[in-house]
Structures are given as structure tokens and as C-alpha cells.
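J.: my questions concern the predicted model and sequence given below.
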Amino acid sequence: MKRKYMMISILISGQIQPGNYIDVYLAPLIEDLQLLWKEGIEVYDGHRKNQIQLKAMLFGTISDFPAYANLSGYSVKGYYACPICSDGTDHIRLKNCKKCVYMGHRRWLAPNHRYRNMPLAFNGEVEERRAPPIPSGGDVFKKVENLIIRFGKEFAKDIPTRGWKKRSIFFELSYWKDLYVTHFIDLMHVQKNVFDSLVGTLLGVKGKTKDGLNARMDMMEMGIRNELGPVEKPGKKPYLPAAAHTLSRDEKRVLLQTFHSIKVPEGYSSNIKSLVSLSDMKLKGFKSHDCHVIMENFLPIAIRSILPEKVRITITKLCWFFKSMSNKVIDPRRLSYLQQQIIETLCEVEMYFPTSFFDIMVHLTVHLIYETRMCGPDRMRWMYPVE
């Protein structure tokens, strides 16, 4: 993942992305990969000073989540947006927010875990289901091997809108269906989206917060935390009672002033001070690496005195998980513990944050440990070097 080892193989020009038709552009690359796998190419070995036959295989693809849909052929929108849970995706359509959310993370807990028997803290039901099985490349191939997709605008109406839309061109590689993980979930984009939702909700940033009148009305209709329902007042806007994650104006100022006072060594990150707008009471202009640095190092410090203890601990555990996943070296013996921790943390986030918080990017954190167990540290599979 160093610059000197990277080479561009395809450059797709134009103002409109190819979307589902990206397979047309990938066809020459697939031909080269087939040659490298079956026959190989003759190269010079500088150490032995002779010619050798070099072979290579594609380990997987790295992309953001919309491009994941284009490369894999799975629709990452709607009810079954998780390509790993597939038909087992636990989805809820919020009537007022007009969006799908993906909760039900208690399914991944141990059968005797106490959170399974706490209906009032979640959706009012005891959770007895088990986590859906994780499909391998072979399982996916069985679902898509008979899909026939014709490329072109005139055939666009024939493409399914849910689930598997096509058989990816990568299945033309003979070894592709034998891989446990074919398309990687990018930790960088997952972390940035979770950070945006978390900080936007804490600061109540318009357009970024996951809390609001519509979110509260959806929670009332679902029977979740009815005490937070909007209170109607004659001639005034509905009043929203303070939730566990709600910050007062003074607490928001404390949070932002902490970020404003941060000084880091040169080359460590961008100037954090320049990202803070004390007049607008929000963070602005931050990039993916800024989210990475703030969430893993500074956010747990900044919230130490401004939130209820349980909420503060939950957010800190979420930050700690991303920090653990970003390590260069990860002990395989700790992966089961990390998986247990992130599931419990997501369950606790369900207790304290509104239902609209749980978009697909928050849900994908459940599957990061499995990919690490199969493919090694995320640091070798994220998009920072590429972008």
C-alpha cells in the first residue's frame, strides 16, 4: 500500500459514472488477470539473474460503499442494504424520516446475554433470533450464476432493484468463488460516516443530526422511549425533551473549545483548530483523516465532563473499537473479544440514541471483525493510500 507500488490500470473518463455497467470497462483488466493466473508472464529475477514465470491473483477489491454495489452487483439501498446479511438484514422503514434503518444488533449476542431479555430498553420485544450466516464467495456464486444481465440503457428496466442485480465480472476469474471475502468494507469510509452522525447528533448540527421532530415521532410510533416524545405547546413549535445524548449550549461550547485548544506535532494531522467554528457551534471542513484522528484520540477526552456516564462510556468504547481496528498489528486471539465489545456497544447505542442514527454504515461495523479474521488488519485494506 505504498505509492511506488501503485499503478493505474483503468481510467474511466466522462462526467457520469458507469454505475452498474462498470463491468464493460473492467473486461480488459479481467483478461489480464486471467492471463496472470493461468499462464503467467515471464519476468527477470534480479537476485537469481534468470527469467522466471510470474503468476498473480486478485486478493479483493477496495472501494467506498456505493462502488461496492457496482463491483459486487448487490444493491446497497433499501430494505436489504447489507450485502453480508443479505436477506437476513434487519430493516425498519421510518415513516416520518422517510429512510430505512438497520438495528436488531442483539441477534449477534450470546444466547444467554442479559440484553436479549431487556425489551423495554430496546424495541419492546425479547430477542431470540440468531445472527444470519455469512456467505462465502461460493454461496454468492450460487445466487448469481443464473442471472443474465444485458448492458445498455434499453435494458435498464430489466435490472432487479433489490438484492443481487447481476453476476459480477469478477466471477470470470476461476478462483473468485473460492474466496471467503471478495469485496472489502472500507474502514475509512465507515469511520467517517459514523463520526459525522455521532458529532452531528451531539452538536445538533442542522442537516447532520439524527435527532429531531421526525425522529422523535418515529420513536413514538414504534413505542420506543415514549418519554422523549414531542410536547405540543399552543402557538409554539413542539418541544423536544432532552435525551441522554442531548448537550446544552454550554456543554457544546466546552466540547468545541476542547477541540479548538488541541495542538499536535507537525505531520500528525491537519490543524484541528481550523476545523472548529465557535460562532456556528459546529465542526466544518474536516476530511477523512481528521475524523480518524479526532474520533480515536480526542473525542473520548473532550466528552469526559459533558455527558451522562453511561453515554460517555458507550461513545468511548465505540472510539476505542475503531482505534483497535486501525492498529498495524492485531492479535488474532483478541478478535473474539473485539467482536463481543462492538456488538454490546451497538446495543448500548440503541438504548441512548434515536432510531434514525442507525444507517447502513453504522451497521457495517458488525462485519469488520470477520473480514479482519479472514484477510488481516484493515490497515492493509483501507483507502487512505489510494485517496
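T.: Received, thanks.

J.: list the contacts of the residue nearest to Lys284 when sequence neighbours are not counted.
T.: Spatial nearest neighbour of Lys284, chain neighbours left out: Ser277 (5.4 Å); criterion: C-beta to C-beta, 6 or more residues apart in numbering. All C-beta spots, glycine's among them, are computed from the backbone N, C-alpha and C. Taking C-beta atoms under 8 Å, 6 or more residues apart in numbering, we find Ser277 in contact with 256, 283-284.

J.: what do you get for Glu251?
T.: 306-307.

J.: go on, Asp211?
T.: 201, 204, 240, 243, 245-246, 353-354, 356-357.

J.: quick one on the thing from earlier: okay, and which of the contacts of Ser277 map to strands?
T.: Taking DSSP state E as the definition of strands, the contacts of Ser277 contribute Leu283.

J.: quick one: buried ones out of the contacts of Ser277?
T.: 256, 283 (16 or more other C-beta atoms under 10 Å).

J.: a markdown table for the contacts of Ser277, including pLDDT and distance to Val264?
T.: A markdown table is the format used below for the contacts of Ser277 (pLDDT from 0 to 100; distance: C-beta to C-beta, whole Å):
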| residue | pLDDT | distance to Val264 |
| --- | --- | --- |
| Leu256 | 93 | 17 |
| Leu283 | 90 | 16 |
| Lys284 | 88 | 19 |
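
J.: nearest to Trp382, of the contacts of Ser277?
T.: Leu283 (21.9 Å; C-beta to C-beta).

J.: re the thing from before, next, the residue nearest to Lys284: phi, psi?
T.: phi -110, psi 100 (degrees, to the nearest 10).

J.: any idea how far it is from Asp196?
T.: Distance, Ser277 to Asp196, by C-beta to C-beta, to the nearest Å: 16 Å.

J.: now swap in Thr258 and tell me
T.: Taking C-beta to C-beta, one finds Thr258 at 19 Å from Asp196.

J.: cool, Arg107 as well?
T.: 26 Å.

J.: for Lys2, same thing?
T.: 29 Å.

J.: in which helix or strand does Arg129 reside?
T.: Element membership for Arg129 (DSSP states H and E) is empty, with no helix or strand holding it.

J.: now for Pro135, how many residues are close by?
T.: Pro135: 17 surrounding residues under other C-beta atoms under 10 Å.

J.: quick check, it in a helix?
T.: No - counting by DSSP: H, G, I helix; E, B strand; the rest coil, Pro135 is not found in a helix; it is coil.

J.: residues touching it, list them.
T.: Neighbours of Pro135 in contact, by C-beta under 8 Å, 6+ apart: 84, 86.

J.: can you show me the strands along this protein?
T.: 41-45, 50-54, 61-63, 91-94, 99-102, 183-185, 276-277, 282-283.

J.: so of these, which one's packed in deepest?
T.: strand 183-185 (a mean of 23; mean count of other C-beta atoms under 10 Å).

J.: check the offset of that strand from the chain's centre.
T.: How far strand 183-185 lies from its chain's middle: 10 Å, per C-alpha atoms, centre = their mean, to the nearest Å.

J.: show me where the stretch 251-387 of the chain has helices.
T.: Secondary structure of the stretch 251-387 of the chain (DSSP state H, counting those that start in this stretch): helices at 288-293, 299-302, 309-325, 335-352, 360-363, 368-375.

J.: list the contacts of the first one.
T.: In this structure, residues lying in contact with helix 288-293 by C-beta under 8 Å, 6+ apart are 188-189, 191-192, 195-196, 264, 268-270, 272, 275, 322, 326, 384, 387.

J.: pLDDT weak spots in this protein?
T.: 153-156, 158 (pLDDT under 70).

J.: using TSV, lay out the strands of the chain together with distance to Gly163.
T.: Formatted as TSV, the strands of the chain follow (distance: least, C-beta to C-beta, whole Å):
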stretch	distance to Gly163
strand 41-45	38
strand 50-54	39
strand 61-63	19
strand 91-94	13
strand 99-102	14
strand 183-185	15
strand 276-277	42
strand 282-283	37
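
J.: against Glu251, how distant is Glu371?
T.: Distance from Glu371 to Glu251, by C-beta to C-beta: 37 Å.

J.: please read the previous query as pertaining to Pro241.
T.: Separation of Pro241 from Glu251 (C-beta to C-beta): 16 Å.

J.: ok so, going back, out of the strands of the chain, which is closest to Ile343?
T.: Of all the strands of the chain, strand 99-102 sits nearest to Ile343, with 13.8 Å by C-beta to C-beta.

J.: what's the closest one packed up against?
T.: Applying 3 or more C-beta pairs under 8 Å, 6 or more residues apart in numbering; DSSP states H and E, we find strand 99-102 packed against strand 91-94, helix 360-363.

J.: same thing but at 6 Å, please
T.: strand 91-94 (3 or more C-beta pairs under 6 Å, 6 or more residues apart in numbering; DSSP states H and E).

J.: send me the strand it packs on as PDB with only the CA atoms.
T.: C-alpha atoms of strand 91-94 as PDB (Å, rounded to 0.1, in the frame of the first residue of the first chain):
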ATOM      1  CA  HIS A  91     -34.600  -3.300   8.500                       C
ATOM      2  CA  ILE A  92     -37.200  -0.800   9.600                       C
ATOM      3  CA  ARG A  93     -38.800   1.800   7.400                       C
ATOM      4  CA  LEU A  94     -39.200   5.100   9.300                       C
END
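
J.: which other helices and strands contact that strand?
T.: Checking 3+ C-beta pairs under 6 Å, 6+ apart, strand 91-94 ends up next to strand 99-102.

J.: one more time with 8 Å, if that's ok
T.: By 3+ C-beta pairs under 8 Å, 6+ apart, strand 91-94 packs against strand 99-102, helix 213-222.
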